[in-house]
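Colleague: got a structure for you, letters missing:
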């Protein structure tokens, strides 16, 4: 077990992750904010005209009316074209994302859905469209400076500013979508998310802690799905309140169904069965929020698809191996396995099972090794990567790496009968084949 201390997670972390995995929240909030902003600006327009009329500055009111009439043409054009523009842009984008998911892995769709620039672009586009429609309703039929009550001068300027912002975001959005179709930026994004998970892991030392006899178990009673996150703070508080130690039986990323044993209770009576409802988060697929192995899983999937006979792209597999080696090098000195979470008094209250070093190395290399023997570029890069991690690993973690290296050598020897070709395929090279 590894004692990583007790770290209080974000209070609204499950809600925040749910909203990040949706594509409706940001545009909806943007529409509400655009309506509120338009209402506030329209009030200012009315106050400006009222003030000028009180000062009998009718000539200035006439200038505002003429400027607003000139801007009306642009606003009308924007309102009629923006919705068509939105439909065309995002339809093409969805096709591009579908192509990327077929080339790399279906999980890249998650990157598009969680992309801030995608949500911001759609939000601003819809806000510009709704603002242009609202501005058109503010124009009055008459043009007599003495009779008008409001001139949409600020509203028109706001719409023009939003059009300019839409153009800038469109450039950024196209650039972001094109990067999603490239292997390098995608694997870099996956690696960055995994390193963020590592940075949130508290340090500690490995130790064995006797938990005592298991006295009860709490089963899962919600909808079936992937265990994505646990609220450590609530579980620690519940365990302290009942004077027990709770142990999470499944790992983050496991699929749970109603009745699955979820929590083991040590040292006392079980907390209420309803407790898991507000302490765990279950979804339709894995996320990187608390899942240490999810990044390696995605990189392995991309490499396997690249090495399939239908694709046959070993260079992509080499890029994935580059990032796999980077992640393993970052994990090689971390305390892994079960995580002990303590309360304020220092007593262990919650134990969360996590992947061991052997599990992570197997996930990183096992499936790729089955396909690497057919490609000298991949076998050479894999040997170099294993050697690099072995040089960094402590003695108790080198055995798993050495085992995978030996298995790769045997696989190449079985697959490549020619001695010269076999020797070439077994030369470690960080670029595969230069």
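Modeller: Everything's here; your move. Note that this is a predicted model, so its numbers are computed, not measured. Numbers count the residues shown, from 1 in each chain.

Colleague: which one in this protein is furthest away from the centre?
Modeller: residue 56 (58.1 Å; CA atoms, centre = their mean).

Colleague: any idea of the pLDDT on that residue?
Modeller: According to the prediction, residue 56 has pLDDT 79.

Colleague: over to the one 10 residues further on?
Modeller: The model reports residue 66 with a pLDDT of 84.

Colleague: and it, helix, strand or coil?
Modeller: For residue 66, the assignment made with DSSP: H, G, I helix; E, B strand; the rest coil gives helix.

Colleague: measure it to residue 141 for me?
Modeller: From residue 66 across to residue 141, the span is 16 Å (CB to CB, to the nearest Å). (Glycine included, C-beta is placed from N, CA and C.)

Colleague: between these two, which has more neighbouring residues?
Modeller: Between residue 66 and residue 141, counting by other CB atoms under 10 Å, residue 66 is the more crowded of the two (12 against 5).

Colleague: how much space between the more buried one and residue 139?
Modeller: Per CB to CB, residue 66 is found 13 Å from residue 139.

Colleague: so residue 219 sits right up against residue 265, yeah?
Modeller: No: at 11.7 Å, residue 219 does not count as touching residue 265 under the criterion of CB atoms under 8 Å.

Colleague: who has more neighbours, the two?
Modeller: Using other CB under 10 Å, the more surrounded residue of residue 219 and residue 265 is residue 265, with 20 against 14.

Colleague: what about the more buried one, helix or strand, and which?
Modeller: strand 261-266 (DSSP states H and E).

Colleague: got the contact list for residue 172?
Modeller: Neighbour list for residue 172: 117, 121 [criterion: CB atoms under 8 Å, 6 or more residues apart in numbering].

Colleague: that one belongs to a helix, doesn't it?
Modeller: Yes: the assignment for residue 172 (three-state DSSP) places it in a helix.

Colleague: now do the helices in the stretch 151-300 of the chain.
Modeller: 153-180, 183-199, 232-242, 294-307 (DSSP state H, counting those that start in this stretch).

Colleague: what helices or strands is the strand holding residue 265 leaning on?
Modeller: Helices and strands touching strand 261-266, by 3 or more CB pairs under 8 Å, 6 or more residues apart in numbering; DSSP states H and E, are strand 214-219, strand 245-248.

Colleague: what strands line up against the last one, and which way round?
Modeller: It refers to strand 245-248. Applying DSSP bridges to the sheet, strand 245-248 is found paired with strand 261-266 (antiparallel), strand 348-352 (parallel).

Colleague: residues contacting it, please?
Modeller: Among residues not part of strand 245-248, those counted as contacts by CB under 8 Å, 6+ apart are 211-212, 230, 235, 238-239, 262-267, 271, 348-353.

Colleague: 6 Å - rerun?
Modeller: The contact list for strand 245-248 (CB atoms under 6 Å, 6 or more residues apart in numbering) reads 211, 235, 239, 263, 264, 266, 267, 348, 350, 351, 352, 353.

Colleague: rewinding a little: comparing the helices of the stretch 151-300 of the chain, which comes out most buried?
Modeller: helix 294-307 (a mean of 23; mean count of other CB atoms under 10 Å).

Colleague: that one versus helix 183-199: what angle between them?
Modeller: Computed by axes from the mean of the first three to the mean of the last three CA atoms, to 10 degrees, the angle separating helix 294-307 from helix 183-199 equals 160 degrees.

Colleague: how far off centre is helix 294-307?
Modeller: Here the centre of helix 294-307 is set off from its chain's centre by 16 Å, with CA atoms, centre = their mean, to the nearest Å.

Colleague: residue 151 against residue 64, yeah?
Modeller: Yes: the pair residue 151 and residue 64 qualifies as a contact (CB atoms under 6 Å) at a distance of 4.6 Å.

Colleague: if you count surrounding residues, which of those two has more?
Modeller: residue 151 (27 against 21).

Colleague: look at the more buried one and report its pLDDT.
Modeller: 82.

Colleague: follow-up on the earlier one: the contacts of strand 245-248, buried ones only, as a ChimeraX selection?
Modeller: Applying 16 or more other CB atoms under 10 Å to these, the buried members can be selected in ChimeraX as follows:
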select :211,235,239,263,264,266,348,350,351,352,353
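
Colleague: which of the contacts of strand 245-248 scores worst on pLDDT?
Modeller: Ranking the contacts of strand 245-248 by pLDDT puts residue 211 at the bottom, with 72.

Colleague: so who does residue 265 touch?
Modeller: Contacts for residue 265 (CB under 6 Å, 6+ apart) come out as 215, 216, 244.

Colleague: what about the first one, neighbour count?
Modeller: Which is residue 215. Number of residues near residue 215 (other CB under 10 Å) recorded here: 14.

Colleague: equivalent analysis for the second one, please.
Modeller: Burial measure for residue 216: 13 neighbouring residues, criterion other CB under 10 Å.

Colleague: got the phi/psi numbers for the closest residue to residue 22 other than its chain neighbours?
Modeller: Counting by CB to CB, 6 or more residues apart in numbering, residue 113 is the residue found nearest to residue 22 once chain neighbours are left out, at 7.7 Å. Note on residue 113: backbone dihedrals following degrees, to the nearest 10 are phi -70, psi -40.

Colleague: please apply the same query to residue 251.
Modeller: phi -90, psi 160.

Colleague: test my guess that it contacts residue 353.
Modeller: Yes: applying CB under 6 Å, one finds residue 251 in contact with residue 353, separated by 5.2 Å.
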